[in-house]
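K.L.:
what follows is a predicted structure for the sequence shown.
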Amino acid sequence: MNVLFPLLAVLIWSLNAVVSKVSATAIDPAAISFYRWLLALLTLTPFILPGVLRNLQAVKQYWWKLLILGLLGMVLYQSLAYYAAHSVSALFMGILNSLIPLLTVVISLFLLSVVPTVGIALGCVISFAGLVWLVSAGDPAQLLQHGIGKGELMMFAASASYALYGVLTKRWAIPLPNWQSLYVQIIFGVLLLLPNFLLASDVSLTVHNIPLVLFAGIPASIIAPFLWIQGVIRLGANKASIFMNLSPIFTAIIAVLFLHEQLHSYHIIGGGITLAGVALAQRLRKPLFGRSSVTTQK
């Protein structure tokens, strides 16, 4: 039964990738980004605010770190994904999200002094090859002629932002309970999203986009993190992280069934190669230069 926690969390996040794609034609990216986290903030306030007030001294001491985490996790990651959804498919978004574990390990090499492994080296090369095949729709030569699209770059930046968010969360180890830390990050996220929201031309809520905001604000922002944290507690971070590899598979199934997106051979080949690279980075832990690892990802 413990496996249901990370499994359901990944399923919700996969659904959210599809919601992000649907939102591209239903609501301004600046509007759904702001409404999503405002809704999450209002929902959490009765439960989390009293504890935050009791730990106000720690909040004051680490406010700038919490602000940076809010910028990376609530602003850049989510907003870039909403903007990218205007030009890339939900299938592509799901595959790019699967890169987050690998990007986390790569960033950890520099910020957490993680010893490079054979898996990381091979995983980076293989995943890069998979991404080239995916982005070029099975024709890498066209990248030399047309380059990488803006949507693809935004999704990669979004995944990198969330990977950096995860690494900094571990490096800083802010002495606040998880939910209190997340709550303060959301406050900063809402404040940072406000200017762009106010500049948006149309931020109206309609019967078509309210369900999208509700899903993004409650299941994707509150329920899924809760399930994921429970999964990590019960299974450990290493075992729980394996379930993230199911994200592009879930996203592909949902996108094909409900958005009627076309699943092409380059999705399967490119996505499969990318996932193989991620899996190698997770599994092959032999030090690249023959040293024993002093710091490993938990």
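P.N.:
Done, it's in.
K.L.:
can you give me the neighbour number for the closest residue to Ala85 other than its chain neighbours?
P.N.:
In space, and not counting its chain neighbours, Ala85 is closest to Ala24: 4.3 Å by CB to CB, 6 or more residues apart in numbering. Quick note: C-beta positions are derived from backbone N, CA and C, even for glycine. Residues within reach of Ala24, counting by other CB atoms under 10 Å, total 18.
K.L.:
OK, contacts around Ala24?
P.N.:
Under the criterion of CB atoms under 8 Å, 6 or more residues apart in numbering, the neighbours of Ala24 are 82, 85-86.
K.L.:
ok, now with 10 Å
P.N.:
32, 82-88, 90 (CB atoms under 10 Å, 6 or more residues apart in numbering).
K.L.:
among those residues, which ones are in helices?
P.N.:
Using DSSP state H, the members of those that fall within helices are 32, 82-84, 90.
K.L.:
give me the mean pLDDT for the helix or strand Thr274 falls within.
P.N.:
Using DSSP states H and E, Thr274 falls within helix 265-283. For helix 265-283, mean pLDDT is 86.
K.L.:
do the same with stretch 148-155
P.N.:
Mean predicted lDDT for stretch 148-155 stands at 88.
K.L.:
buried stuff in that stretch?
P.N.:
151-152, 154-155 (16 or more other CB atoms under 10 Å).
K.L.:
which of the contacts of Ala24 lies closest to Val105?
P.N.:
Nearest to Val105 among the contacts of Ala24: Ala84, at 23.0 Å, using CB to CB.
K.L.:
how about the closest residue to that closest one other than its chain neighbours, what does it touch?
P.N.:
What sits nearest to Ala84 in space, not counting adjacent residues and going by CB to CB, 6+ apart, is Met154, at 4.0 Å. The contact partners of Met154, taken as CB under 10 Å, 6+ apart, are 76, 79-88, 96.
K.L.:
repeat the analysis, applying 6 Å as the threshold.
P.N.:
Neighbouring residues of Met154 by CB atoms under 6 Å, 6 or more residues apart in numbering: 80, 83-84.
K.L.:
contacts for stretch 239-247?
P.N.:
Taking CB under 6 Å, 6+ apart as the rule, stretch 239-247 contacts 6-7, 10, 14, 94, 97-98, 101, 231-232, 275.
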